[in-house]
Each structure stands twice: as C-alpha cells, then as structure tokens.
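Q: Pasting the sequence and the predicted model now:
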Amino acid sequence: TPTPLLVFSGSTRADSLNRKLAKATADLATAAGAQVTLLDLSDFDLPIYNGDLEAQGTPADVIRFKQTLHAHPAWIISTPEYNGGYPALLKNALDWASRPVTGNDEWANGLKPFAGKVVGLLAASPGGLGGISSLSHLTPMLMKLQCWTTPKQFALAKAHEAFDANGQLASAGARQGVQAVIDQVLWAAPRLAA
Ligand code: FNR
C-alpha cells in the first residue's frame with residue numbers, strides 16, 4: 001500500500017521558493033508511488049502561541065493541523081532559512097501541535113502528531129548554501145518530539161534559478177538530491193513509522 005506522505009513548506013509567501021520545492025517534491029514522490037498530501041500552512045489559522053490563549057481552549061485549526069499530522073506517517077518539510085534558523089511560522093505551528101488540547105475537544109489528545117513519524121527535510125534559498133543551516137536547528141527539534149529524521153537532507157542553493165517553467169527542478173543534481181530524501185522517507189516509513 002502506498003505511504004501517505006505529507007509535504008509542506010515553512011513559507012506561505014505566494015512566490016515562495018520552498019512552496020515551489022514542496023510542489024516539485026510532491027510530484028516526484030507521487031511518481032515514486034507515495035500517496036501525497038500537499039499541505040499549505042496558510043490554510044490553518046494558527047495564532048502566535050500564548051499560554052493564556054491556549055487556556056481559553058485550543059484553537060480549532062490547531063486541532064485540525066494536529067489531525068493532519070497524525071494521519072500521515074511520513075512527512076517532507078521544505079523550510080526557508082531565516083538568520084541561520086528556521087522561521088517562526090514553522091516553529092509556531094509545530095509548537096502548537098506539540099501541546100495537549102484544552103477545552104471541549106480533549107478527545108483530540110488521542111492524536112499522536114509526532115512520535116514515530118518519519119520526516120525528510122529540505123531547504124531552499126536564493127543563497128549559495130540553500131538554507132542548510134536551518135536544518136541543523138529543525139532536526140533536533142523533531143528528534144526532541146520523537147520523530148525519525150532521515151540521514152539524507154537536501155538544501156537547494158540558488159533556488160530562484162532552479163525551477164523550469166513547469167515548476168519542476170531544472171537540474172539533474174537537484175532532482176537527485178530531492179529524490180534521495182524521498183527514497184529514504186519511503187523506505188523508512190513502513191519500517192519505522194508509528
Ligand atoms: C532571509 N534569507 C536568508 N537566506 C539564507 O540563505 N540564510 C539566511 O540566514 C537568511 N536569513 C533571512 C532572514 C529573514 C528574516 C528573511 C525574510 C530572509 C533569505 C531567504 O532565503 C529568502 O527570502 C527566501 O526566498 C525565503 O524563502 P521562501 O519564502 O522563498 O520560501
């Protein structure tokens with residue numbers, strides 16, 4: 001049976017390079033036999049985390065986001081690098097998802113968004129290193145949340161020049177870099193994923 005694979009970008013910008021990389025990755029993963037869900041974080045109304053807000057009841061979209069993570073044993077995240085780390089948007093989404101649910105939907109605490117998930121990481125940047133430093137921060141956060149992260153990661157350098165008119169990766173090297181992550185995720189998920 002095909003692995004349900006969630007792919008999403010750590011940027012919601014309309015012309016986001018990471019959004020493009022997530023889409024190109026979703027297409028490659030579909031061709032590799034995965035059952036892909038391409039998620040857009042802008043489809044979720046996730047306020048900046050605040051414990052007082054949480055005490056009033058977990059926002060409905062946090063629960064919906066947790067359900068989406070829960071439903072996918074494997075993920076690939078493509079993140080920008082902001083000042084050597086990964087964006088607050090992504091940290092905030094994952095921080096919310098890590099919290100127990102308060103309010104009237106406590107059944108949602110049965111959701112297991114993180115533990116045992118197999119996660120492959122990509123980055124994209126117009127810079128020469130592709131935003132790779134973001135991954136050295138995102139990796140330990142996911143490990144802390146008991147995700148498995150694949151040894152292969154890929155950072156797409158000069159990402160503003162990397163896509164053809166159809167939104168696919170123009171260079172064979174870039175395609176191979178992404179494919180190596182996809183291959184490890186799809187290999188590991190049936191063996192490791194909860
Ligand atoms: C950046 N950018 C950036 N790029 C990089 O390679 N290393 C970095 O440390 C940073 N730092 C940084 C900080 C902030 C606050 C912004 C807004 C941007 C540039 C970044 O890679 C570029 O804007 C990308 O296009 C962002 O990703 P998306 O939105 O195209 O996916």
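A: Looks like it came in fine. Just so it is clear, the model here is predicted, and its values are computed rather than measured. Numbering: from 1, shown residues only.
Q: In a strand, S78, correct?
A: Yes. Counting by DSSP: H, G, I helix; E, B strand; the rest coil, one finds S78 located in a strand.
Q: bridging residues for the most centrally placed residue in the chain?
A: Per CA atoms, centre = their mean, the C-alpha nearest to the average position across the chain is that of I77, at 2.5 Å. Each beta-bridge partner of I77 is listed here: F8, L121, as defined by DSSP bridges.
Q: Show the pLDDT at it.
A: As predicted, I77 sits at a pLDDT of 99.
Q: Repeat that for G120.
A: Checking the pLDDT column for G120, the value is 98.
Q: Quick check: it touching I182?
A: Yes. Judged on CB atoms under 8 Å, G120 makes contact with I182 at a distance of 6.9 Å. No exception for glycine: its C-beta is placed from N, CA and C like everyone else's.
Q: Quickly list what's touching both of the two.
A: Common contacts of G120 and I182, defined by CB atoms under 8 Å, 6 or more residues apart in numbering, comprise I76.
Q: ok, back up a step: for the residue nearest to the centre of the chain, give me its contacts.
A: With CB under 8 Å, 6+ apart as the criterion, the residues that contact I77 are V7, F8, S9, G10, L90, V119, G120, L121, L122, L138.
Q: and these as a markdown table, adding neighbour count and distance to G57?
A: Written out in a markdown table, the entries for the contacts of I77 read as follows (neighbours: other CB atoms under 10 Å; distance: CB to CB, whole Å):
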| residue | neighbour count | distance to G57 |
| --- | --- | --- |
| V7 | 29 | 30 |
| F8 | 27 | 25 |
| S9 | 29 | 28 |
| G10 | 30 | 27 |
| L90 | 24 | 24 |
| V119 | 24 | 29 |
| G120 | 30 | 34 |
| L121 | 26 | 32 |
| L122 | 28 | 34 |
| L138 | 24 | 29 |
